[in-house]
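# quick one, fold the following:
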Amino acid sequence: MWPTGGDFRRGYFANRLPSVPAERLPAERQLPSQTWAVSSNPIPLLAELSSRSGPNSVSQAPPTSSQTPNPDSTPSLPTPIPFPEAPEQDPESGRQILLIPPPDSGPDPSAPPPSGESPVDGPAASPPSPAAPAAAASDSETPISLTDLVEIRGDRQDFDTLREVFSAEGNVEMRFRRAVLTADRVQVNLQNRIAVAEGNVQLVRGAQILQGDRLVYNFVQSEGTVDGARGEIFLPSSGTDLTLLSPLEEAAAGAERPRPTPRPPGAPPVSSPGGILVEVGANLDQGLALTGQREGELTRFRFEAESIEFFPDGWVAQNVRLTNDPFSPPELELRTPELTYTQFNPLQAEVRARNPRLVFDQRFSLPFLQNRVVIDNRRRQPPLLRLGYDEEVGGLFVQAPLTMINQPRVQFVLAPAILLQRAVVDNNFNFFDPSSIGFLAQLDATLGPSTSLVGTATFGTLDLGNLENKVRGSLRLRQQVGINQLTLEYSYRDRLFNGTLGFQNVQTSLGAVFSSPNIPLGTSGINLNYQVSAQLINANTDRLDLLDPPLERRNDRVTLGRFQASAGLTRGFLLWSAPPLPPTAEEGLRYSPTPIVPNLVAVVGLRGTTAYYTSEDSQSSLTAFASLQGQFGRFSRNFLDYTRFNVTYSNAIVEGESPFRFDRIADPQVLSFGLLQQIYGPIRAGFQTSINLDKREDFDTTFFLEYSRRTYSIILRVNPDREVGSLGIRINDFNWTNPPEPFSGQPQ
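Modelled structure (predicted):
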């Protein structure tokens with residue numbers, strides 16, 4: 001062992017270093033041209049541990065008897081690695097340099113160490129003979145890649161000349177392949193290219209953080225194990241961060257790799273940028289056609305595992321706990337005996353869990369029905385299971401989406417549905433009767449940087465005798481034009497809700513819509529949006545003069561062209577607000593993902609709409625509205641500590657009348673209001689409704705029941721007027737600046 005003591009704080013070693021002229025060494029120190037070198041030079045310690053280089057590499061052939069060592073052979077060395085010319089003393093630091101020859105033949109780096117031996121220590125190597133031949137270096141040998149270099153820093157560094165084991169202790173930092181490893185102790189075996197890190201181990205690669213008690217890493221095979229693992233996952237860049245790439249791919253990925261959003265100085269230690277909402281039920285407008293919604297995304301998790309074994313294309317973890325909660329003990333966890341992550345490419349990966357369970361509040365658990373999830377940075381994945389109620393398909397149904405095509409530019413989803421209520425009531429528990437089965441097909445294609453194609457087709461039943469009245473579909477081609485969007489669309493049997501007139505079917509519609517986003521008008525606080533459309537529409541009418549004679553009439557539909565333009569202005573006013581509670585688990589984030597800000601807001605707006613029909617009819621309206629909305633309390637105490645309300649009055653001046661029922665202005669004067677009230681703890685209840693003040697008739701009433709926690713919410717919605725309902729779960733996303741505690745809440 002060659003001790004360096006406290007004065008040797010930085011050094012380097014490298015394989016395939018330039019040979020030292022024999023005449024500059026004493027006879028007993030003359031060595032083969034290929035050597036390992038350790039230096040006390042105060043530059044960073046660099047090691048080339050590539051499988052493409054070194055005498056112990058699995059890809060290098062041993063010398064034959066006909067080969068003669070070439071002492072003048074100098075394989076290529078990257079210029080960023082300086083090496084002092086003097087073999088015995090560094091002229092700058094005055095410290096000695098020890099040159100260590102490699103053994104004549106080394107073990108296979110991919111072979112495990114013999115039983116009972118440490119992967120680093122291995123068997124003791126025999127002292128090398130000064131006359132031992134060395135493998136000749138080829139002039140055509142591939143130069144060392146900078147991505148194959150390893151840089152190590154430590155307070156104390158030692159090198160075992162017999163075993164060729166390099167050791168570093170105290171504030172050790174090792175950099176390799178865009179990863180940074182810190183630990184109390186690191187040992188690297190130069191023969192089998194295996195490193196072992198112990199004590200406060202932390203591995204950071206990109207935005208991913210892995211911590212553990214002990215890490216073993218094989219540089220040749222890019223695989224290893226971590227015991228007592230814990231850490232953080234940032235999903236948007238997990239593909240590129242966890243994929244080992246070539247140098248050119250590394251540079252390209254580094255330029256495009258997403259990173260967590262930088263947080264401004266003074267930002268709270270915990271914040272929620274959003275989350276994911278999965279509506280497992282009927283959409284309030286489209287029924288089975290859009291039986292579920294998924295909005296937003298989850299970007300950050302933390303985890304603990306008994307051990308993790310990782311490979312170049314993924315990893316396998318044992319006894320895993322995964323959560324989105326920044327606090328401990330977590331409110332929501334996914335637990336599984338085994339979790340497998342497989343990277344297909346930098347944009348797509350697969351996660352498989354064995355017998356996964358969701359654990360709520362450390363007490364209640366449920367089986368997680370989906371044991372396989374595809375993480376795709378190209379598109380959001382559909383919800384795993386949808387349960388809802390829709391009168392058009394007979395009532396209660398359950399639906400499960402299946403991704404049939406998932407390519408970079410094309411995604412195709414089939415979602416078969418079992419119409420539970422129809423199967424039980426109408427078909428005597430026959431779940432396989434064609435009338436008890438329906439499905440949804442959805443196509444999503446990207447045709448260019450600003451062009452997309454979206455298509456949906458819904459079959460409310462597979463009963464061919466009644467298929468015409470149970471099929472709905474649409475196809476939309478969207479083109480971005482500056483900040484605006486041009487949409488060419490066709491729809492068949494579209495279903496629209498029109499206030500007190502209820503649901504109305506539009507049999508067919510073909511045309512184009514040009515629409516804008518909200519456009520701020522300078523610093524006035526006023527937002528502008530507009531829309532222009534031209535369509536050929538076949539829909540129901542009650543105008544007898546537009547229908548065929550009764551004896552020739554097959555239905556009450558008429559085909560007309562419609563040209564419509566609309567523009568609106570809105571302005572909001574903050575009337576009052578109060579400071580929120582601190583973002584802690586017991587105060588501002590007890591039942592909410594973000595601290596509640598008590599406030600009172602007023603919104604006013606004006607919208608003008610005009611439509612012309614080829615029947616020479618027209619309908620124009622000018623609608624003004626005023627809204628008052630606010631929330632009181634901070635949703636931190638157990639009883640009546642949160643109230644949210646909204647009240648909106650709108651009045652429309654209407655001229656003319658549409659020949660169609662689906663777009664006729666039947667409710668010119670409307671009062672809408674809603675209330676959401678905390679009952680006890682995380683339980684809230686409320687409603688939202690509208691009243692036609694001219695007819696004194698209420699419509700579109702929805703009732704809510706919500707169980708709200710910091711990390712998740714479960715929401716039940718029922719709308720008797722539309723005869724639909726849904727059950728939704730929202731999982732919240734979090735950012736945090738301070739390292740979270742262990743899952744147990746106790747320091748490690």
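# low-confidence ranges in the chain?
1-149, 177, 237-268, 271, 273-297, 346-347, 374-393, 464-468, 745-748 (pLDDT under 70).
# for it, what's the longest strand?
Identified as the longest strand of the chain according to DSSP state E is strand 557-577.
# just the buried residues of that strand, please?
Residues of strand 557-577 classed as buried by neighbour count (16 or more other Cβ atoms under 10 Å): 557, 558, 560, 562, 564, 565, 566, 568, 570. The C-beta positions use only the backbone N, C-alpha and C, and glycine is treated the same way.
# ok, stretch 673-686 next?
Within stretch 673-686, the residues that qualify as buried are 673, 674, 676, 678, 682, 684, 686, counting by 16+ other Cβ under 10 Å.
# what are the boundaries of the helices in the stretch 201-350 of the chain?
Here the stretch 201-350 of the chain has its helices, by DSSP state H, counting those that start in this stretch, at 238-241, 247-256.
# pretty sure residue 425 sits in a strand.
No: judged by DSSP: H, G, I helix; E, B strand; the rest coil, residue 425 forms no part of a strand; its state is helix.
# picking that back up, can you put the buried residues of strand 557-577 in TSV and add distance to residue 431?
Listed next are the buried residues of strand 557-577 as TSV, based on distance: Cβ to Cβ, whole Å:
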residue	distance to residue 431
557	35
558	40
560	43
562	43
564	45
565	49
566	46
568	48
570	49
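# residue 321: which of those is nearest?
Using Cβ to Cβ, residue 570 comes nearest to residue 321 of the buried residues of strand 557-577, at 45.9 Å.
# which one is that closest one nearest to, not counting chain neighbours?
Leaving aside its sequence neighbours, residue 570 sits nearest to residue 605 (Cβ to Cβ, 6 or more residues apart in numbering; 4.0 Å).
# contact partners for the one you found?
Counting by Cβ atoms under 8 Å, 6 or more residues apart in numbering, residue 605 makes contact with 568, 569, 570, 571, 624, 625, 626.
# out of the residues you listed, who's nearest residue 234?
Each of those was scored against residue 234 by Cβ to Cβ, and residue 570 proved nearest at 36.0 Å.
# surely the closest one meets residue 525?
No: with contacts counted by Cβ atoms under 8 Å, residue 570 stays clear of residue 525, the gap being 9.4 Å.
# burial measure for residue 710, as a count.
26 (other Cβ atoms under 10 Å).
# any idea which helix or strand comes after the longest strand of the chain?
Remark: after strand 557-577, the chain's next helix or strand is strand 599-613, criterion DSSP states H and E.
# so whatever helix or strand comes next after that following strand versus strand 599-613, what angle?
Next along the chain after strand 599-613, taking DSSP H and E as the criterion, comes strand 618-632. Orientation check (axes from the mean of the first three to the mean of the last three Cα atoms, to 10 degrees): strand 618-632 against strand 599-613 gives 170 degrees.
# and the angle for strand 618-632 with strand 557-577?
Using the same axes, to 10 degrees: strand 618-632 against strand 557-577 is 30 degrees.
# adjacent strands (with direction) for strand 618-632?
Partner strands for strand 618-632, per DSSP bridges, with pairing direction: strand 599-613 (antiparallel), strand 643-656 (antiparallel).
# in that strand, what's buried?
Neighbour count says strand 618-632 has 619, 621, 623, 625, 627, 628, 629, 630, 631 buried, by 16+ other Cβ under 10 Å.
# closest to residue 665 out of the residues you listed?
residue 621 (5.6 Å).
# does that closest one touch residue 651 like I think?
No: using Cβ under 8 Å, residue 621 makes no contact with residue 651, being 10.3 Å away.
# overlap in contacts, these two.
With Cβ under 8 Å, 6+ apart as the test, residue 621 and residue 651 both reach residue 668.
# and residue 402, how many neighbours?
Applying other Cβ under 10 Å, we find 11 residues neighbouring residue 402.
# need the nearest residue in space to it, chain neighbours excluded.
residue 414 is the one closest to residue 402 (Cβ to Cβ, 6+ apart), at 5.1 Å.
# now the host helix or strand of that neighbour - C-alpha only, CSV.
Using DSSP H and E, residue 414 maps to strand 410-418. C-alpha atoms of strand 410-418 as CSV (Å, rounded to 0.1, in the frame of the first residue of the first chain):
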residue,chain,number,x,y,z
VAL,A,410,-49.4,8.6,-34.1
GLN,A,411,-51.4,7.3,-31.1
PHE,A,412,-54.4,5.1,-31.5
VAL,A,413,-56.5,4.0,-28.5
LEU,A,414,-59.4,1.5,-28.3
ALA,A,415,-61.6,1.6,-25.2
PRO,A,416,-64.1,-1.2,-24.9
ALA,A,417,-67.0,-0.6,-22.4
ILE,A,418,-69.2,-3.0,-20.6
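# beyond that strand, next helix or strand please.
helix 420-421.
# quickly find the element holding residue 445.
For residue 445, the enclosing helix or strand under DSSP H and E is strand 437-448.
# would you mark the buried spots in that strand?
Result for strand 437-448 [16+ other Cβ under 10 Å]: buried residues 437, 438, 439, 440, 441, 442, 443, 444, 445, 446.
# out of everything not next to it in sequence, what's closest to residue 176?
Per Cβ to Cβ, 6+ apart, closest to residue 176 is residue 150, 4.4 Å.
# distance check, that neighbour against residue 650.
68 Å (Cβ to Cβ, to the nearest Å).
# which of those two has more residues huddled nearby?
residue 150 (23 against 19).
# list the strands paired with the helix or strand hosting that one, with their directions.
If you go by DSSP H and E, residue 150 is part of strand 149-153. Counting by DSSP bridges, the strands paired with strand 149-153 are strand 45-48 (antiparallel), strand 165-176 (antiparallel).
# count of neighbours near residue 413?
Residues lying near residue 413 (other Cβ under 10 Å) number 18.
# now it, nearest residue through space, not along the chain?
residue 442 (4.7 Å).
# so who does that neighbour touch?
If you count contacts by Cβ under 8 Å, 6+ apart, residue 442 has them with 412, 413, 415, 454, 455, 456, 457.
# and those residues as TSV, adding distance to residue 299?
Listed next are those as TSV, based on distance: Cβ to Cβ, whole Å:
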residue	distance to residue 299
412	26
413	23
415	26
454	25
455	29
456	28
457	32
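# which of those residues ranks first by neighbour count?
That'd be residue 415 among those, by other Cβ under 10 Å, with 21 neighbours.
# how close does that residue get to residue 486?
Distance of residue 415 to residue 486, given as Cβ to Cβ: 29 Å.
# so residue 720 makes contact with residue 698?
No: at 10.7 Å, residue 720 does not count as touching residue 698 under the criterion of Cβ under 8 Å.
# on the three-state scheme, residue 458 is what?
Secondary structure assignment for residue 458 (three-state DSSP): strand.
# how many residues are close by it?
Residue 458 has 27 neighbours, counted by other Cβ under 10 Å.
# one more: residue 607?
Neighbours of residue 607 using other Cβ under 10 Å come to 18.
# contacting residues around it?
With Cβ under 8 Å, 6+ apart, residue 607 has these contacts: 566, 567, 568, 569, 622, 623, 625.
# ok, now residue 627?
Counting by Cβ under 8 Å, 6+ apart, residue 627 touches 602, 603, 604, 646, 647, 648, 649.
# thought residue 183 was touching residue 171?
No: Residue 183 is not in contact with residue 171 according to Cβ under 8 Å; the separation is 9.2 Å.
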